[in-house]
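S.K.: Build the 3D model from these lines:
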Amino acid sequence: MITVTDAGPLTTIQDRGRLGQAHLGVPRAGALDAPAADLANRLVGNAAQCAVLETTLGGLRFVTDVALTLAVTGAPCPVLVDGRARAFGEPVTVRAGSDVTVGAATAGIRSYLAVAGGVDVAPVLGSRSTDTLAWVGPPALCRGRQLAVGRIGSDRPWSDTPCLTIRAPVLRVHPGPRTDWFADALVALTRSPYAVTHDSNRIGLRLGGPAIDRVRPGELPSEGIVLGAVQVPPDGQPLVFLHDHPVTGGYPVIAVVDPRDLPVCAQARPGDRIDFSLA
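M.R.: Next up, the predicted model:
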């Protein structure tokens, strides 16, 4: 077991997501920065589908009653074991009784902690991921929460090279299904920079900047929403839907972010500049 002593602003359990459940109204969830989560699992010798812990801006602290191999990836941050600095982006072995801290992110937002054997919680609808929209799956971590560690499936961690996704936030986009609701839709989206706002979360990246004007009045009936959809509400400020997005929505979708750039959305901080470009 590991026992959480400080869960930070928001720490959730994530794996590759809850696929194929949109018809039930259940979001996919899963790690927002999938390459970082996959790397953390590889570093400790886990299979790709093992559950990890996703922190938000840092602050996770726990004690373990067993010896563990762990790795922290994603947003760079200090890693402390019993108050001593340990490596970020590398496998670290700790003794039973160790006090482990994943500190505040120094860039980006979300860090990923993998432990050899994976975080062992019961899957819900085929996934161990926490969904913060409908709260399907395990609840967000809190102080005193105990988490079991799964059985180790590899004799030794893999060696690997960190795959950093903290870079200039330029999002490549494809045309959406409702470009006809806007004048020169993709030109309007790509001609000016936007800034990430403070009310962004796992559901969506909310942006502020020049309003995108509609040329059609009224509203759409609700229709399906996909991961990466760029929706434009009546105020003209674009919203990029992330892994915990609702499965339907009634505002027009002007574009869809290329899947390769979704990890960039996961690490964009409030105030960061976002530019759109055609894929």
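S.K.: What's the local residue count around residue 234?
M.R.: Number of residues near residue 234 (other C-beta atoms under 10 Å) recorded here: 9. Just so you know, the C-beta spots here come from the backbone N, C-alpha and C atoms, and that holds for glycine as well.
S.K.: Mind jotting down where the helices sit in the stretch 51-200 of the chain?
M.R.: 185-190 (DSSP state H, counting those that start in this stretch).
S.K.: just so I have it, where are all the strands in it?
M.R.: Secondary structure of the stretch 51-200 of the chain (DSSP state E, counting those that start in this stretch): strands at 52-56, 60-64, 68-74, 79-81, 84-86, 92-94, 99-102, 110-115, 119-120, 146-149, 170-175, 194-196.
S.K.: what's the closest of those strands to residue 241?
M.R.: Between residue 241 and those, the shortest gap by C-beta to C-beta is with strand 170-175, which sits at 12.4 Å.
S.K.: Which positions within that closest one qualify as buried?
M.R.: Judged by neighbour count (16 or more other C-beta atoms under 10 Å), strand 170-175 contains these buried residues: 171, 172, 173.
S.K.: Dump those to CSV, plus distance to residue 257 and pLDDT.
M.R.: Shown next, in CSV, are those (distance: C-beta to C-beta, whole Å; pLDDT from 0 to 100):
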residue, distance to residue 257, pLDDT
171, 5, 94
172, 7, 95
173, 6, 96
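S.K.: that older thread, tabulate the strands of the stretch 51-200 of the chain (a markdown table), appending distance to residue 228.
M.R.: Converted to a markdown table, those look like this (distance: least, C-beta to C-beta, whole Å):
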| stretch | distance to residue 228 |
| --- | --- |
| strand 52-56 | 18 |
| strand 60-64 | 27 |
| strand 68-74 | 19 |
| strand 79-81 | 31 |
| strand 84-86 | 35 |
| strand 92-94 | 33 |
| strand 99-102 | 28 |
| strand 110-115 | 17 |
| strand 119-120 | 26 |
| strand 146-149 | 30 |
| strand 170-175 | 8 |
| strand 194-196 | 15 |
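S.K.: of those strands, which approaches residue 131 most closely?
M.R.: That would be, of the strands of the stretch 51-200 of the chain and by C-beta to C-beta, strand 52-56, which comes in at 12.2 Å.
S.K.: how long is stretch 262-276 from one end to the other?
M.R.: Here the two ends of stretch 262-276 are set 12 Å apart, with distance taken as C-alpha to C-alpha, to the nearest Å.
S.K.: Check the offset of it from the chain's centre.
M.R.: In terms of C-alpha atoms, centre = their mean, to the nearest Å, the centre of stretch 262-276 is set 12 Å apart from its chain centre.
S.K.: would TSV of the buried residues of strand 170-175 with distance to residue 184 be doable?
M.R.: Formatted as TSV, the buried residues of strand 170-175 follow (distance: C-beta to C-beta, whole Å):
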residue	distance to residue 184
171	18
172	18
173	14
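S.K.: Go through those residues and name the one nearest residue 65.
M.R.: residue 171 (43.2 Å).
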